[in-house]
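J.: Next one to model:
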Amino acid sequence: MKVAQQGFTLMEVLVTIVIIGILSAVALPAYSDHVTRSRTAEAFTALGAAQMNAEQFWNNERSYADFNQSSGFPAATPNFTYVLSNATPSTFTVTATGRAKMTGFTYTIDQNGTRTTTATPAWGTSTACWIDKKGGQCSS
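T.: Have a look, this model is predicted:
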């Protein structure tokens, strides 16, 4: 009488563990980059809205000086804080500075709509765009 084999052999279990390890080594960094990129969109949205709101503020006040006191100025979020600088009757700069898991990321926009990336951990900097991908690729 033959006894049917039940369960898995040691070799089958080891092969499965190796395959899972290889997939994890590739998938986890890719997922982490994706999450970071999605968090940068938060800053881009807030800065874009801030520029439009600053123009509306200027139409009402004829100055950008107290724009950060208006309701159109972006509020801090879990990933970014926002600061107004260089505020005069004719100029402003809004800076988004990363915090928590986004520490090290800094983006700006000014009265002309000039987008700059002043800091990203290992992604690069740019005086012409907001970098949102590794390798210094700019958002569209």
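
J.: helix, strand or coil for the nearest residue to residue 131 once chain neighbours are set aside?
T.: When the adjacent residues along the chain are set aside, residue 131 lies closest to residue 117, with 4.3 Å between them (Cβ to Cβ, 6 or more residues apart in numbering). Where C-beta positions appear, they are placed from N, C-alpha and C, glycine not excepted. Look at residue 117: counting by DSSP: H, G, I helix; E, B strand; the rest coil, its state is strand.

J.: surely residue 117 meets residue 133?
T.: No - counting by Cβ atoms under 8 Å, residue 117 sits too far from residue 133 to count as a contact (11.1 Å).

J.: ok so, going back, enumerate every residue touching the residue nearest to residue 131.
T.: 106-107, 123-126, 129-131 (Cβ atoms under 8 Å, 6 or more residues apart in numbering).

J.: where do the helices sit along the chain?
T.: Under the criterion DSSP state H, the chain contains helices at 10-61.

J.: which non-adjacent residue is nearest residue 110?
T.: residue 93 (4.8 Å).

J.: Which residue is the nearest non-sequential neighbour of the most centrally placed residue in the chain?
T.: Ranked by distance to the mean C-alpha position of the chain (Cα atoms, centre = their mean), the top residue is residue 40 at 1.5 Å. The shortest distance from residue 40 to any residue other than its chain neighbours is 4.7 Å, reached at residue 132 (Cβ to Cβ, 6+ apart).

J.: Can you get me a residue count around that neighbour?
T.: 22 (other Cβ atoms under 10 Å).

J.: pLDDT score for it?
T.: We note a pLDDT of 88 for residue 132 in this prediction.

J.: about what we covered before: so who does the residue nearest to the centre of the chain touch?
T.: Shown in contact with residue 40 (Cβ under 8 Å, 6+ apart): 102, 105, 107, 130, 132, 139.

J.: Need the overlap of contacts for residue 117 and residue 133.
T.: In terms of Cβ under 8 Å, 6+ apart, residue 117 and residue 133 are both contacted by the residues residue 123.

J.: how long is stretch 96-103 from one end to the other?
T.: 11 Å (Cα to Cα, to the nearest Å).

J.: name the helices or strands packed onto the one helix or strand in the chain whose mean pLDDT sits lowest?
T.: Between all helices and strands in the chain, the lowest mean by mean pLDDT, DSSP states H and E belongs to strand 137-138, at a mean of 82. Packing contacts for strand 137-138, counted by 3 or more Cβ pairs under 8 Å, 6 or more residues apart in numbering; DSSP states H and E, involve strand 131-133.
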